[in-house]
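S.K.: The following comprises the amino acid sequence and a computationally predicted model.
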Amino acid sequence: MNAKNNDKNMHSLDGAVIYQINLRAFTPEGTIKSAEKLIPHLSEIGIDIVYLCPVNTADDDSDINGFSERQLKSGFNNPKNPYRIKDYYSIDEEYGTTDDLVSFSETIHKYKMKLILDAVFYHCGPGAVFIKDHPDYIMRKPDGKPDTGSWHFPKLNFENPELREYLIGALEYFMIECGADGYRCDVGDGVPLDFWNEARTALEQIDPSVIMINEGTKAEAVECAFDANYDFGWSDAIQKVAKGEKAASEIVSYFEAEQDRLPEGANVLRAYENHDYANDAYYDRLEKKLGSRAIEALNVLNFTISGVPFVYNGSEIADFNRHSIFGNRFTTGCCVIDWSNALTENGRRRKEVITRLCSMRHEIPALMSGITEFIENDRPTEVLSFVREAYERDSCEDNCLSDECGHEHGVCAGCGDITDIAAVVINLSDKPLTVNIKSDAGFDSVVARSGVYFEYKEENLRLDILPWGYIVGKM
């Protein structure tokens, strides 16, 4: 492992908040140019990194045998699935032009944000522009027919060095010509890791701070090639707790198991929703099923626990319209974000909450990179309680003999100086509760609170919490 890269990976996303734009749902026009007009809005709420769903030219082959099952179930009969790429070097005319993407990137950078694009390299479209001249760029069955993966798309052949060069060239192209700052790599675990390592090495020659996010869970992926994993397991776990299907303690178990198997300092994106969850298979949006206060509590959790907060477009105004990656402005029945929701009570409150959470993420060291430690409470089925502790960096050597030293985030949790502590308590249920936490310290100050009354007596913190209530404080 390259130690220098690993150190950068541990800290490059500290304090960052990622916002996903699904162009087909983001504006009625569904274009890059129309999305650019909302960049000031993203800056206002405190976003650091904008992640754009695929804008490459999508395959227009109308043979439904080459459609994914979800694509068929959507009912839109639109061959242009953005995750079925025809040309890795061009922009789909549905979204605009290369010049539009350049302008979008320039505006992103003007507002001090970064832009990451989607790299869809596990598979391509059946009509990909290179297949005719380079039939060995895709994997084939013994009879010579394309070998398709889970979504019925031709799988790319990474045993071919020319294909690798072709794809890395596409990544370089959009960084050099369009100003991209990195990539979210679709089905990253399905692509050989040595390719991603090779790609990162090449991209660091363009920008040493390139951002690479893996849609996957492999521990080795975040050792060098990637800055973070994009993990559906976390989203599934917190959704089940919010729906009352699992106890809050299941989140603790998932988190601790995740930390045990990942390299020290590895990052994971924290989301309750993304374009997949908001898609047709999930017609009733979580916002609609659970209500705005429940989603607010999930946002607080994602912004305060170790990891990188991820905001799906429209959730910052409590949007609950149907979204689809398969329908567009030309297909009947496809819905987009209802931006008028920003004027409702729920929408105004959500925007204020997300803006506050972004500010906390930027300003409180413990919430940037602090180590998460769960605290026992007497309502573990419904309530999560934990602290984030920030330590002085580089305060110990790797040969430190302290039994408590974990060298997490490049610091020593046993012998380093604690520089900042934040404490978080969240009621992840629809019931009002009284919860007690044994503690030798109370809140010195409160930085965010909803529906919580607390008092500290005789080393016991007692909290009365309304449904979905929470408190974040400094200790």
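M.R.: Yep, that arrived.
S.K.: all contacts plus neighbour counts: C-alpha atoms, from now on.
M.R.: Fine.
S.K.: Strands of the stretch 201-350 of the chain, start to end?
M.R.: 211-214, 228-229, 267-270, 308-312 (DSSP state E, counting those that start in this stretch).
S.K.: Also the stretch 351-475 of the chain?
M.R.: Under DSSP E, counting those that start in this stretch, the stretch 351-475 of the chain gives strands at 371-374, 383-391, 418-427, 433-438, 445-457, 460-474.
S.K.: To Met368, which of the strands of the stretch 201-350 of the chain lies closest?
M.R.: Of all those, it is strand 308-312 that lies closest to Met368, at 8.8 Å by CA to CA.
S.K.: What is that closest one packed up against?
M.R.: Secondary-structure packing of strand 308-312 (3 or more CA pairs under 8 Å, 6 or more residues apart in numbering; DSSP states H and E): strand 18-21, strand 267-270, helix 292-304.
S.K.: Give me the mean pLDDT for stretch 426-436.
M.R.: What stretch 426-436 shows for mean pLDDT is 97.
S.K.: That should have said stretch 42-56, apologies.
M.R.: Stretch 42-56 comes out at a mean pLDDT of 98.
S.K.: Can you give the distance of that stretch from its chain's centre?
M.R.: 11 Å (CA atoms, centre = their mean, to the nearest Å).
S.K.: residues of it that come out buried?
M.R.: If you call a residue buried by 16 or more other CA atoms under 10 Å, then stretch 42-56 has these buried ones: 42-43, 45-56.
S.K.: Filter those residues down to just the ones in strands.
M.R.: Secondary structure defined by DSSP state E assigns Ile49, Val50, Tyr51, Leu52, Asn56 of the buried residues of stretch 42-56 to strands.
S.K.: any idea how far Gly179 is from the third one?
M.R.: Read it as Tyr51. Using CA to CA, to the nearest Å, we find Tyr51 at a distance of 13 Å from Gly179.
S.K.: got any residues that touch both of these two?
M.R.: By CA atoms under 8 Å, 6 or more residues apart in numbering, Tyr51 and Gly179 have these common neighbours: Leu115.
S.K.: show me where the stretch 251-400 of the chain has helices.
M.R.: Per DSSP state H, counting those that start in this stretch, the stretch 251-400 of the chain carries helices over the ranges 286-290, 292-304, 345-363, 365-369.
S.K.: quick one: pLDDT of Phe386?
M.R.: 95.
S.K.: what does Asp417 give?
M.R.: Model confidence at Asp417, given as pLDDT, is 72.
S.K.: Same check on Glu458?
M.R.: The model's pLDDT for Glu458 equals 78.
S.K.: what about it, how many neighbours?
M.R.: 9 (other CA atoms under 10 Å).
S.K.: Check Trp196 too.
M.R.: Trp196 is flanked by 22 other residues according to other CA under 10 Å.
S.K.: cool, and Glu250?
M.R.: 16.
S.K.: got a list of what it touches?
M.R.: With contacts defined as CA under 8 Å, 6+ apart, Glu250 is in contact with Ala237, Val241.
S.K.: same thing with the one 5 residues further on?
M.R.: Phe255 makes contact with Trp234 under the criterion CA under 8 Å, 6+ apart.
S.K.: follow-up on the earlier one: and of the strands of the stretch 201-350 of the chain, who's closest to Leu367?
M.R.: Distance to Leu367, taken as CA to CA, is lowest for strand 308-312 among the strands of the stretch 201-350 of the chain, at 10.0 Å.
S.K.: Paired strands for the closest one, with orientation please.
M.R.: Applying DSSP bridges, strand 308-312 is found paired with strand 18-21 (parallel), strand 267-270 (parallel).
S.K.: mean confidence for it?
M.R.: What strand 308-312 shows for mean pLDDT is 97.
S.K.: From the chain's centroid, how far away is that strand?
M.R.: Using CA atoms, centre = their mean, the offset of strand 308-312 from its chain centre is 5 Å.
S.K.: Contacts for stretch 213-221, please.
M.R.: So stretch 213-221 is in contact with 183-189, 193, 226-232, 261-263, going by CA under 8 Å, 6+ apart.
S.K.: List only those of those residues flagged as buried.
M.R.: For those, a neighbour count by 16+ other CA under 10 Å gives the buried set as 183-189, 193, 226-232, 262-263.
S.K.: What ranges in this protein fall below the confidence cut-off?
M.R.: 1-12, 280-283, 393-416, 441 (pLDDT under 70).
S.K.: for the stretch 1-150 of the chain, what spans make up the strands?
M.R.: Applying DSSP E, counting those that start in this stretch to the stretch 1-150 of the chain gives strands spanning 18-21, 49-52, 56-58, 85-91, 114-120.
S.K.: what's the offset of the third one from the middle of its chain?
M.R.: Looking back up the chat, that one is strand 56-58. 22 Å.
S.K.: tell me what it is packed against?
M.R.: Strand 56-58 packs on strand 85-91, going by 3+ CA pairs under 8 Å, 6+ apart.
S.K.: Could you list the buried residues of the strand it packs on?
M.R.: Neighbour-count burial for strand 85-91, counted by 16+ other CA under 10 Å, picks out Ile85, Lys86, Asp87, Tyr88, Tyr89, Ile91.
S.K.: circling back: how about the strands paired with strand 308-312, which one is nearest Arg349?
M.R.: Across the strands paired with strand 308-312, closest to Arg349 is strand 18-21 (CA to CA), at 18.4 Å.
S.K.: Using CSV, write down the CA coordinates of the closest one.
M.R.: Once non-C-alpha atoms are left out, strand 18-21 reads as follows in CSV (Å, rounded to 0.1, in the frame of the first residue of the first chain):
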residue,chain,number,x,y,z
ILE,A,18,-21.7,15.4,-0.8
TYR,A,19,-24.9,16.2,-2.8
GLN,A,20,-26.2,14.0,-5.6
ILE,A,21,-27.8,15.5,-8.7
